[in-house]
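What shape does this take:
(chains A, B, C and D)
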Protein chains: 2
Amino acid sequence: MHPKTNKISCEECATTSCFVKRTNPEWLGKISKFKNQVVYPKGQYIFSEGSPVFGAYFIQSGDVKIVSSSFSGRQNIVRLAKAGHMMGHKGEAKENYPIGAVALNDARVCFLNNELLYDAFLNNTHFTIEIMMFYSKELRKSEMRNKFFAQMTTDEKVAYAILYAGEIVGQKNSKGQIMITLSRQELAQIAGTNAEQVSRTISQMKNEGLLSLDGRCICIENLTGVYDLLSEYEQFI
Amino acid sequence: MHPKTNKISCEECATTSCFVKRTNPEWLGKISKFKNQVVYPKGQYIFSEGSPVFGAYFIQSGDVKIVSSSFSGRQNIVRLAKAGHMMGHKGEAKENYPIGAVALNDARVCFLNNELLYDAFLNNTHFTIEIMMFYSKELRKSEMRNKFFAQMTTDEKVAYAILYAGEIVGQKNSKGQIMITLSRQELAQIAGTNAEQVSRTISQMKNEGLLSLDGRCICIENLTGVYDLLSEYEQFI
DNA sequence: CGTGCTTTTGAATAGTATCAAGGCCGGTGG
DNA sequence: CCACCGGCCTTGATACTATTCAAAAGCACG
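Predicted structure coming up:
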């Protein structure tokens, strides 16, 4: 089903920010042994919205979008994740919270099932504390997003989406500028608007010299200029 | 400065959902001994937006609103909290995230400083895991709020605010109906709109027989009817 | 060199914030 | 006890922003 690859063990893994690295040596080996690792090609679902997840995924390399659709069929991007991030973990299994994860480029992802994960929690205090802190910080960010999105204009939300996308999945060109290859639709799903508005805002920002376009690829020409659009929300960024 | 009260020890405390109850007996006693406990009268700040917080607050009884103001002076309600909830804890001290907490009625609150808290994390695995789970669940709720608020109409957001307020700070009358005493302004700060729109929506819901008003106090006459307004977002509620 | 998808731009519409005024209620002081 | 005052609530009119619908242009693909 999934493409087979040479598994990279936790001991060899270069992703220093991975939470699993916070476990003690004995457990690092144990997790490395029992984890499941798969390389997902660009565009493929890592887990889908319908099916429940019985564990947690840790991204070793690559970028991922976490998506959620609503009743009306409208999809939005809950967050973007890159190497070292954790996803899919559910506090309670019975919760009904349909999210899916899609690889934005080739992504190597490790899966730990709930049993292994909880054993690791019980035996590795620092591991658990770090994940607790991670959630605490993510919660804070999410709350600020809530707060500011309620009072931002659409232009500001799009500017935010561009900065956010640049931070997580942006690639630097030869001049050191940030390039973003997400589609207008995907940016709209982050900003909470539609592709047309994103296109309008981008055109406007291009005219102001903040961005340049190479086909559908966005290049941030004036990073501080974009930040200035959001100066009222600086705590957020 | 704060009103003095007879401290209720953790051993005597009836708030079974409090996370501190998940520590082992030795630590329960230790926390009980070193915690700081204060009863805040209605309307008083428990901690304010300006000053940093060096620990975490656990609500023993009463209700609290957690607020955050933006640059433009607009305040909004980040979340409501009641007995057993935790607040004010920061993953990293250096973060600049100005939130404040205000008592909605007389509230008895216990404070644990960071040193005590982290010692407790290191020595009480189940305590740490439960708090991690709490954050995980809150994050999930916050993400769904983000997602749905981006596509709800104002009427729907107000309906949500009423249900949410009813759940956390609502009081039951003799008929078992939920009564809410928050002001229109406060509901607007939850719904991400303004007091006028809240008032319009409430009038409309009153005409439809969903609510009744006693002065400024809101009584939910037809709870399932209100839920039906949000049927598209049922995962959320 | 078409075909289909994404992007861009325009015009019409609908929804919401803002501004403004009047009503209700509780508190205060005469 | 009554009149006044101020805050909150309600309702209306207006202006504006953003969504939707529509259509044309650009780009990638076979």
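
Next, see if the longest helix seen in chain A gets close to chain B.
For chain A, the helix with the greatest residue count under DSSP state H is helix A:125-149. Yes. Contact of helix A:125-149 with chain B (C-beta under 8 Å from any C-beta of the partner chain) involves A:125, A:128-129, A:131-140, A:142-149. (Each C-beta comes from the backbone N, C-alpha and C, glycine too.)

Measure how buried the nearest residue to residue A:146 once chain neighbours are set aside is and give me the count.
Of all residues not flanking residue A:146 in the chain, residue B:146 sits nearest, at 5.4 Å (C-beta to C-beta, 6 or more residues apart in numbering or on different chains). Using other C-beta atoms under 10 Å in any protein chain shown, the number of residues around residue B:146 comes to 20.

Next up, the contacts around residue B:146.
Listed by C-beta atoms under 8 Å, 6 or more residues apart in numbering or on different chains, the contact set of residue B:146 reads A:78, A:142, A:145, A:146, A:149, A:192.

Next, count neighbours for residue A:99.
Residues near residue A:99, counting by other C-beta under 10 Å, number 21.

what residues are up against it?
A:49, A:66, A:67, A:68, A:78, A:88.

ok so the second one is a helix residue?
What it means is residue A:66. No. When classified by DSSP: H, G, I helix; E, B strand; the rest coil, residue A:66 is found to be strand rather than part of a helix.

contacting residues for the closest residue to it other than its chain neighbours?
The shortest distance from residue A:66 to any non-neighbouring residue, by C-beta to C-beta, 6+ apart, is to residue A:78 (4.6 Å). By C-beta under 8 Å, 6+ apart, the contact list for residue A:78 reads A:66, A:67, A:68, A:99, B:143, B:146, B:147.

same question, residue A:59
So residue A:59 contacts A:15, A:81, A:82, A:83, A:84, A:85, A:86, A:87, A:107, A:108, A:109 (C-beta under 8 Å, 6+ apart).

same check, this time on residue A:126
Counting by C-beta under 8 Å, 6+ apart, residue A:126 has contacts A:22, A:23.

likewise residue A:30?
Per C-beta under 8 Å, 6+ apart, neighbours of residue A:30: residue A:116.

for it, helix, strand, or coil?
Per three-state DSSP, residue A:30 ends up helix.

From residue A:123, how far off is it?
In this structure, residue A:30 and residue A:123 are 9 Å apart, going by C-beta to C-beta, to the nearest Å.

Residue A:115 too?
Applying C-beta to C-beta to residue A:115 and residue A:123 gives a distance of 13 Å.

out of those two, which sits in the busier spot?
Per other C-beta under 10 Å, whichever of residue A:115 and residue A:123 has more neighbours is residue A:123, with 15 against 11.

Count residues in the vicinity of the nearest residue to residue A:169 once chain neighbours are set aside, would you?
Nearest non-adjacent residue to residue A:169, counting by C-beta to C-beta, 6+ apart: residue A:63, 4.4 Å away. By the criterion of other C-beta under 10 Å, residue A:63 has 23 neighbours.

what does the average pLDDT come to for stretch A:112-132?
Averaged over stretch A:112-132, pLDDT sits at 96.

which sections of chain A are below the confidence cut-off?
Where chain A drops to pLDDT under 70, the residues are A:1-5, A:91-96, A:235-237.

How are the helices of chain A distributed by residue range?
A:25-34, A:114-123, A:125-149, A:154-169, A:184-191, A:195-207, A:223-229.

Provide the backbone phi and psi angles at residue A:12.
Dihedral angles of residue A:12 (phi, psi; degrees, to the nearest 10) stand at phi -80, psi -20.

That one: how many residues sit nearby?
By other C-beta under 10 Å, the burial measure for residue A:12, its neighbour count, is 8.

ok, back up a step: which of the contacts of residue A:59 come close to DNA strand D?
Filtering the contacts of residue A:59 for proximity to DNA strand D by C-beta under 7 Å from any atom of the strand leaves nothing.

want to throw those residues into CSV with neighbour count and distance to residue A:185?
Listed next are these as CSV, based on neighbours: other C-beta atoms under 10 Å in any protein chain shown; distance: C-beta to C-beta, whole Å:
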residue, neighbour count, distance to residue A:185
A:15, 19, 30
A:81, 24, 19
A:82, 17, 21
A:83, 20, 25
A:84, 17, 27
A:85, 21, 23
A:86, 19, 26
A:87, 19, 21
A:107, 25, 20
A:108, 20, 26
A:109, 25, 24
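
wait, which of these is closest to residue A:165?
Here the nearest of the contacts of residue A:59 to residue A:165, counting by C-beta to C-beta, is residue A:82; it sits at 11.2 Å.

returning to what we had before: can you mark which positions in the longest helix of chain A are buried?
Judged by neighbour count using 16 or more other C-beta atoms under 10 Å in any protein chain shown, the buried positions of helix A:125-149 are A:125, A:127-149.

Could you break chain A into its assigned domains?
A:19-141, A:151-233 (automatic domain parsing).

export these to TSV and tack on distance to residue B:184?
Output for the domains of chain A, formatted as TSV (distance: least, C-beta to C-beta, whole Å):
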stretch	distance to residue B:184
domain A:19-141	28
domain A:151-233	18
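
Looking at those domains, which is nearest to residue B:11?
So among the domains of chain A, domain A:19-141 is nearest, using C-beta to C-beta, at 25.0 Å.

Would you tell me which residues of chain A are close to DNA strand D?
A:153, A:154, A:155, A:192, A:193, A:194, A:196, A:197, A:215.

As CSV, those residues with neighbour count would be great.
As requested, the residues of chain A next to DNA strand D are arranged in CSV below (neighbours: other C-beta atoms under 10 Å in any protein chain shown):
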residue, neighbour count
A:153, 10
A:154, 16
A:155, 17
A:192, 22
A:193, 19
A:194, 14
A:196, 10
A:197, 18
A:215, 6
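
Show me which of these is closest to chain B.
residue A:192 (3.3 Å; C-beta to the nearest C-beta).

List the residues that contact the closest one.
A:76, A:149, A:157, B:146, B:150, B:151.

thinking again about what came up before, report the angle between the longest helix of chain A and helix A:184-191.
On the basis of axes from the mean of the first three to the mean of the last three C-alpha atoms, to 10 degrees, helix A:125-149 is oriented at 100 degrees to helix A:184-191.

Helix A:125-149 near DNA strand C at all?
No. Judged by C-beta under 7 Å from any atom of the strand, helix A:125-149 and DNA strand C are separated, with a smallest distance of 11.7 Å.

starting at the chain centroid, how far to that helix?
With C-alpha atoms, centre = their mean, to the nearest Å as the basis, helix A:125-149 stands 14 Å off its chain's centre.

mind checking how far residue A:130 is from residue A:23?
To residue A:23, residue A:130 is 10 Å away according to C-beta to C-beta.

Repeat that for residue A:160.
35 Å.

hang on, the earlier thing: quick one: the helices of chain A as JSON lines, columns for distance to residue B:177 too.
As requested, the helices of chain A are exported to JSON lines (distance: least, C-beta to C-beta, whole Å):
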{"stretch": "helix A:25-34", "distance to residue B:177": "52"}
{"stretch": "helix A:114-123", "distance to residue B:177": "40"}
{"stretch": "helix A:125-149", "distance to residue B:177": "29"}
{"stretch": "helix A:154-169", "distance to residue B:177": "38"}
{"stretch": "helix A:184-191", "distance to residue B:177": "39"}
{"stretch": "helix A:195-207", "distance to residue B:177": "42"}
{"stretch": "helix A:223-229", "distance to residue B:177": "47"}
